[in-house]
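1. mind folding the following:
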Amino acid sequence: MKKITFLIFAVVVSLIQVNAQTLNNPKDASGFYIVKWDCANNRWASSNNFEVDETFTFAVDVTGTAWETWLKETPTAAGATRSLAINRWTGFGDVNGNTNRMKPITGNIYGATWNIAQLATTMNMTSATTPGAQTYVFGAVFGFEYTADAPGAGWWMWPSSIPGGTAIDPLGNGGAIFATLPYTGTKTSAEFFNDDYDNLLFGTNYPEKGYAPACAVLTSVQTPTISKSPVIGHKYYDLQGAEIYIEPNQGLFIDKAIKADGTFDVIKVLKVKE
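-> Predicted structure coming up:
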């Protein structure tokens, strides 16, 4: 009985491994993929050293996988170019489904600039921004084709050797691709949108928050420029980046203090009702 049980278990594990996508990204000490690209030095970062509300460049390396061959094959759509996209979701819910296209960075490495908190749609940001919480991100790379007139000339395309919908799994057991750092609530990156950049690959007819071409925005934490100009107004936002038109009297929110010289300070504010 024990031998039969072990055999069934071995077959299940084998099937999981066969049906999992793999990448050529480096791995961290826990076995997850390092997905942060160091734009300043044009190489992989040493770790995924960002929190859920910090902007970073996400990247995948498909060297040695079926995708490398697929990208070199003749596109199905006339005059099209092939590229990669990624569907992704988190342990706290989904992120924006329109923000999955990636562009080449170098060689077989493709990526895009993300801010997970700004991308969030049905994601539970209350849970994701609880102090100490880590956001685990899952996903499936797929192929698409684009032309000058059609950003999606071909969509949801897969090499014949990879079943459609197969997820990425660095651990071979249905695990997440990567995890963010535990949330501290002290870091919030500036808001940005994809239509701030002229890039057909990502589409220019609609604004998508927290999404831009790879290395389009600075990914390192900046030392703010201190301005002594007087504050002339405030804007308030929730943690998903939606503007709040009246200052909240309780809870966690973002306060953007606008100064007379055009500069501004952004801080997170936690108000507790006594």
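2. so where is the stretch 1-150 of the chain shaky, pLDDT-wise?
-> For the stretch 1-150 of the chain, the stretches with pLDDT under 70 are 1-19.
3. could you redo the last one with a cut-off of 50?
-> 1-18 (pLDDT under 50).
4. which residues in it form helices?
-> 2-18, 66-72, 116-119, 125-128 (DSSP state H, counting those that start in this stretch).
5. other residues contacting the second one?
-> Which is helix 66-72. 62, 82-84, 108, 141, 143, 157-159, 161-162 (CB atoms under 8 Å, 6 or more residues apart in numbering). (C-beta placed from N, C-alpha, C; glycine too.)
6. show the buried residues in the residues you listed.
-> 62, 82-84, 108, 141, 143, 157-159, 162 (16 or more other CB atoms under 10 Å).
7. which non-adjacent residue is nearest the residue nearest the centre of the chain?
-> The residue lying closest to the centre of the chain (CA atoms, centre = their mean) is Trp114, at 4.4 Å. Spatially, and ignoring its direct neighbours in sequence, Trp114 is nearest to Phe58 (4.9 Å; CB to CB, 6 or more residues apart in numbering).
8. residues contacting the one you found?
-> For Phe58, the contact set (CB under 8 Å, 6+ apart) comprises 35-37, 102, 111-114.
9. ok, now Ser127?
-> Ser127 is in contact with 92, 133, counting by CB under 8 Å, 6+ apart.
10. distance of it from Tyr33?
-> From Ser127 across to Tyr33, the span is 23 Å (CB to CB, to the nearest Å).
11. which ones are touching the closest residue in space to Ala85 that isn't next to it in sequence?
-> Spatial nearest neighbour of Ala85, chain neighbours left out: Asn100 (4.3 Å); criterion: CB to CB, 6+ apart. Residues near Asn100 by CB under 8 Å, 6+ apart: 85-88.
12. swap in 10 Å and give it another go.
-> Counting by CB atoms under 10 Å, 6 or more residues apart in numbering, Asn100 touches 84-88, 112, 139-142, 144, 202, 211.
13. now do it against Ala128, distance only.
-> Asn100 is 19 Å from Ala128, by CB to CB.
14. would you work out how far apart the start and end of stretch 98-113 are?
-> 14 Å (CA to CA, to the nearest Å).
15. contacts only, for the closest residue to Asp255 other than its chain neighbours.
-> Once flanking residues are discounted, Asp255 sits nearest to Val269: 4.9 Å by CB to CB, 6+ apart. Contact analysis of Val269 by CB under 10 Å, 6+ apart lists 236, 247-248, 251-255.
16. closest one to Asn24 out of those residues, please.
-> Ile254 (37.2 Å; CB to CB).
17. how many other residues sit next to the closest one?
-> Applying other CB atoms under 10 Å, we find 20 other residues in the vicinity of Ile254.
18. can you confirm it is in a strand?
-> Yes - Ile254 forms part of a strand when assessed by DSSP: H, G, I helix; E, B strand; the rest coil.
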